[in-house]
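*Asks:* No letters, just coordinates:
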């Protein structure tokens, strides 16, 4: 993008509030802006400008507003291929099963392409985790392909270079780094789970032990990793089995909310919900949270509690549960809870310590209590025992409100 | 001016009927189709499967012209296009406006011959429109397709079918029955203006 164009955009971004809207009008009318815009998009020179069109252009990305394709007089040329691509019918969409990374986690999609141009990302119905669903971020990821601010060539200190120049430069740099064992090389990536990329980076750091790899991701799993590190001794990924959990208690956790795992968790939870509605088992979600989330919106009941009281509530809940029930395997079935974890780690207190210590992070792991599918208590519990949550298993026809303990909109400030 | 208006509209200036269009290479349909007998579908390959008839790629030209006339100066742009990876820039002759959707495949597969709309290209050294691509031209056929339907196998014929009116009618009725062609449905706006 040209320098004047970037200046214009940065000028716009620096304005705020009322000035911003007035600024757009003035900006749109000013000759400098029009000159900058028409130098970037020559076809717009003859267009009739109006404020609405400009606002639309800056409201969405320039790619979405389609400014790049606008022209006042249509093109009467035909530019065929030099070599026709195989299996391509001109106006029939071709679908490719692929994935779109989101904070490092790949979202399965079917890319719909028309004449080689991707026009839509649909979910992949054959993928077990998504069953054809996508979220808003995945849908918007299509625009990443058309982002005009995305560099189309490699750059050296901002200066564009060709791929051949890059190869030459890299070869020279590799020789230097071999001599210094990689000192000074820093690699910056986003979060990634790609096995190929991880393998390549490992090869790179093996060859150049002095090189440093920095990962930046605006919203990442560091909280989860810190928590599991404390609980299980190593950083782990927590996978809630929402399709098996008949009761879910979420303490400031948002599995159904926006994020790279939203589709997977939503699909799983809705499967359990659908099974419950068909009469198979239960599906209870109780949420404790300071601010409204999607998970809270889908919950059976929600307790509003400030974030500072969440640890206390977690401890109290665990004590309540452990006093009533015999010790049993519970908590999220992480990939860790295998041979390496000590038996004491599965006892409620240690597990509560895990979720409690991670309470300071933005995305907190939630605790799901997996219960057996049989309606009555298992053989291990006392015969006359009435679980506080028993009434939740079979909602009445009138409402799904449960025992008086959980009155709606109860604040924990008392 | 008021008097000239209708004249201008009815003349070939607006509809471009009979006006040949210059091309970067003077490709002669008369020579290739009339002289050599190459079928339309050899170059316009997606005419039976797609709404878009398909413009031949440089590769298609070079299937022959890598072997014959390999040094001809007139074909230099084709060779350069292949060598440099730059497409040939042809000028459209049979272009309908952007607000019109024309589906080649359905017409070709129902037996509407190429000559019906594109005229006798085998007599055109340089291509020109044979019929005005006005809405009236399309509606005339959509409302009464009888004289213009033929067997789908003979869709690339250049000469007209030697049928009398009665045979045309009979064939059209049989085709309408077979393909469920209903003039009342073909008259709707949204089949072309989608």
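*Replies:* Yes, it's here. Given the structure is predicted, the values throughout are model-derived calculations rather than measurements.
*Asks:* looking at it, residue B:95 is touching residue B:16, isn't it?
*Replies:* No. Contact criterion CB atoms under 8 Å: residue B:95 and residue B:16 do not qualify, at 9.5 Å. The C-beta positions use only the backbone N, C-alpha and C, and glycine is treated the same way.
*Asks:* for the strand or helix carrying residue A:272, which positions count as buried?
*Replies:* In this structure, residue A:272 sits in helix A:262-277 according to DSSP states H and E. Under the neighbour-count criterion of 16 or more other CB atoms under 10 Å in any protein chain shown, helix A:262-277 has A:262, A:263, A:264, A:265, A:266, A:267, A:268, A:269, A:270, A:272, A:275, A:276 buried.
*Asks:* Contacts for the longest helix seen in chain B, please.
*Replies:* Determined from DSSP state H, the single longest helix within chain B is helix B:165-179. Under the contact criterion CB atoms under 8 Å, 6 or more residues apart in numbering or on different chains, helix B:165-179 has outside partners B:110, B:111, B:145, B:146, B:147, B:149, B:150, B:151, B:161, B:163, B:181, B:182.
*Asks:* for stretch B:23-37, how far is the first residue from the last?
*Replies:* Using CA to CA, to the nearest Å, one end of stretch B:23-37 lies 22 Å from the other.
*Asks:* what's the answer for stretch B:40-52, then?
*Replies:* Stretch B:40-52: ends 14 Å apart by CA to CA.
*Asks:* Let me know whether that stretch sits next to chain A.
*Replies:* Yes. Contact of stretch B:40-52 with chain A (CB under 8 Å from any CB of the partner chain) involves B:45, B:46, B:49, B:50, B:51, B:52.
*Asks:* Let me know the secondary structure of the fourth one.
*Replies:* Right, residue B:50. Here residue B:50 is coil, with the state taken from DSSP: H, G, I helix; E, B strand; the rest coil.
*Asks:* Pull the number of nearby residues for it.
*Replies:* Residue B:50 has 17 neighbours, counted by other CB atoms under 10 Å in any protein chain shown.
*Asks:* Now do the contacts for it.
*Replies:* Taking CB under 8 Å, 6+ apart as the contact definition, residue B:50 lies against A:89, A:90, A:91, A:92, B:104, B:105.
*Asks:* so which pair among those is furthest apart in space?
*Replies:* Within these, A:92 and B:104 form the most distant pair, 12.8 Å apart (CB to CB).
*Asks:* neighbouring contacts of the strand or helix carrying residue A:174?
*Replies:* Here residue A:174 sits within helix A:163-180, counting by DSSP H and E. For helix A:163-180, contacts defined as CB under 8 Å, 6+ apart pick out A:153, A:154, A:156, A:161, A:183, A:184, A:185, A:207, A:208, A:210, A:211.
*Asks:* Adding secondary structure and distance to residue A:304, write those residues out as a markdown table.
*Replies:* As requested, the contacts of helix A:163-180 are exported to a markdown table (DSSP: H, G, I helix; E, B strand; the rest coil; distance: CB to CB, whole Å):
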| residue | secondary structure | distance to residue A:304 |
| --- | --- | --- |
| A:153 | coil | 52 |
| A:154 | coil | 51 |
| A:156 | strand | 53 |
| A:161 | coil | 55 |
| A:183 | coil | 53 |
| A:184 | coil | 52 |
| A:185 | coil | 50 |
| A:207 | helix | 54 |
| A:208 | coil | 52 |
| A:210 | coil | 51 |
| A:211 | coil | 48 |
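*Asks:* Whichever of those end up buried, select them in ChimeraX.
*Replies:* Applying 16+ other CB under 10 Å to these, the buried members can be selected in ChimeraX as follows:
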select /A:185,208,211
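*Asks:* Could you single out the nearest of the contacts of helix A:163-180 to chain B?
*Replies:* Taking CB to the nearest CB as the measure, chain B lies nearest residue A:153 of those, at 17.2 Å.
*Asks:* Looking at the buried residues of helix A:262-277, which is nearest residue B:99?
*Replies:* Checking those against residue B:99 by CB to CB gives residue A:263 as the nearest, at 38.2 Å.
*Asks:* Could you check the pLDDT of that closest one?
*Replies:* Note for residue A:263: predicted pLDDT of 96.
*Asks:* isn't it right up against residue A:107?
*Replies:* Yes. Contact between residue A:263 and residue A:107 holds when scored by CB under 8 Å: they sit 6.7 Å apart.
*Asks:* thinking again about what came up before, in the helix holding residue A:174, what counts as buried?
*Replies:* Buried, per 16+ other CB under 10 Å, within helix A:163-180: residue A:177.
*Asks:* mind listing what the next helix or strand after that helix pairs with, with the direction of each?
*Replies:* In the C-terminal direction, the helix or strand that comes right after helix A:163-180 (DSSP H and E) is strand A:186-189. Paired strands of strand A:186-189, with direction, are strand A:212-215 (parallel) (DSSP bridges).
*Asks:* What is the nearest of the contacts of helix B:165-179 to residue A:289?
*Replies:* Closest approach to residue A:289 among the contacts of helix B:165-179 (CB to CB): residue B:182, at 59.9 Å.
*Asks:* Can you tell me, leaving aside adjacent residues, what's nearest to the closest one?
*Replies:* residue B:176 (7.4 Å; CB to CB, 6 or more residues apart in numbering or on different chains).
*Asks:* and that neighbour, how many neighbours?
*Replies:* With other CB under 10 Å as criterion, residue B:176 counts 16.
*Asks:* now it: how far from residue A:195?
*Replies:* Distance from residue B:176 to residue A:195, counting by CB to CB, to the nearest Å: 59 Å.
*Asks:* what residues are up against residue A:266?
*Replies:* Counting by CB under 8 Å, 6+ apart, residue A:266 makes contact with A:133, A:255, A:256.
*Asks:* returning to that earlier point: buried ones only from the contacts of helix B:165-179, please, as a ChimeraX command.
*Replies:* Paste this into ChimeraX to select the buried members of the contacts of helix B:165-179, with burial taken from 16+ other CB under 10 Å:
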select /B:110,111,145,146,147,149,150,181
